[in-house]
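**Q** The sequence isn't on hand, but the structure is:
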């Protein structure tokens with residue numbers, strides 16, 4: 001399995017095998033591969049774009065567009081495994097224009113929990129982490145916000161949050177302990193939800 005650091009900065013190139021190419025966020029690589037393996041989805045190939053695009057949503061659409069244009073002739077179809085992810089509807093518009101499908105939902109936190117359930121919760125003071133983001137908390141949260149250098153900024157960034165919700169894709173005690181520590185570092189209450197893969201398996205098995 002490709003390391004989290006490589007998934008963060010470089011992503012993963014497709015193998016060139018299969019009939020359907022998934023163009024996905026690197027933060028979803030482990031989950032997608034697990035779903036593929038569990039359901040025998042050998043016709044799906046996977047390209048992961050760098051997960052750090054999570055912190056730069058303005059770069060997602062150009063990166064997806066480039067990947068689709070590069071590989072369109074190599075596969076029967078392409079499916080984008082990003083939700084809107086902060087693009088303000090621009091990713092959906094781009095996918096429609098290119099004639100490719102994409103995962104439904106505003107972001108991965110929503111489709112991991114299930115889009116309907118997430119919308120019903122109406123949680124405006126929760127900060128969410130997935131398995132990947134717990135593992136990469138420093139690289140995606142602590143360091144980009146400068147909290148490693150200026151910890152006093154914590155309350156300015158997170159003062160309006162009340163709790164950290166760890167959406168667990170896997171039952172891993174070590175990750176749960178790390179997620180609790182993340183909540184403590186942010187000064188937030190902690191809640192763990194065992195979401196599994198949410199709406200992602202039906203989206204992929206339907207391809």
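**A** Received it, and whenever you're ready, just let me know what you need. In this text, all values refer to a predicted model and were calculated from it rather than measured experimentally. Residues are numbered from 1 along each chain as shown.
**Q** For the residue lying closest to residue 113 once chain neighbours are set aside, give its distance to residue 55.
**A** The shortest distance from residue 113 to any non-neighbouring residue, by CB to CB, 6 or more residues apart in numbering, is to residue 195 (5.1 Å). All C-beta atoms are positioned from the backbone trio N, CA, C, and that covers glycine. Note on residue 195: its distance to residue 55, by CB to CB, to the nearest Å, is 22 Å.
**Q** neighbour-wise, which of those two wins?
**A** residue 195 (22 against 14; other CB atoms under 10 Å).
**Q** so who does residue 94 touch?
**A** 61, 64, 65 (CB atoms under 8 Å, 6 or more residues apart in numbering).
**Q** residue boundaries of the strands in this structure?
**A** Along the chain, counting by DSSP state E, strands occupy 20-25, 44-49, 77-81, 101-102, 126-129, 163-168, 189-194.
**Q** can you list the contacts of residue 94 in a markdown table and add neighbour count, pLDDT and distance to residue 120?
**A** Below are these laid out as a markdown table (neighbours: other CB atoms under 10 Å; pLDDT from 0 to 100; distance: CB to CB, whole Å):
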| residue | neighbour count | pLDDT | distance to residue 120 |
| --- | --- | --- | --- |
| 61 | 20 | 98 | 29 |
| 64 | 25 | 98 | 29 |
| 65 | 16 | 98 | 33 |
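**Q** Run through the helices of this protein in chain order.
**A** 4-9, 29-39, 60-71, 90-98, 108-113, 115-121, 131-135, 137, 154-158, 173-186, 200-205 (DSSP state H).
**Q** how about the ones you listed in TSV, adding distance to residue 148?
**A** Compiled in TSV, the helices of the chain are given as follows (distance: least, CB to CB, whole Å):
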stretch	distance to residue 148
helix 4-9	16
helix 29-39	26
helix 60-71	26
helix 90-98	31
helix 108-113	24
helix 115-121	30
helix 131-135	16
helix 137	11
helix 154-158	11
helix 173-186	11
helix 200-205	32
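**Q** right, and the ones you listed - which one's nearest residue 167?
**A** helix 108-113 (5.1 Å; CB to CB).
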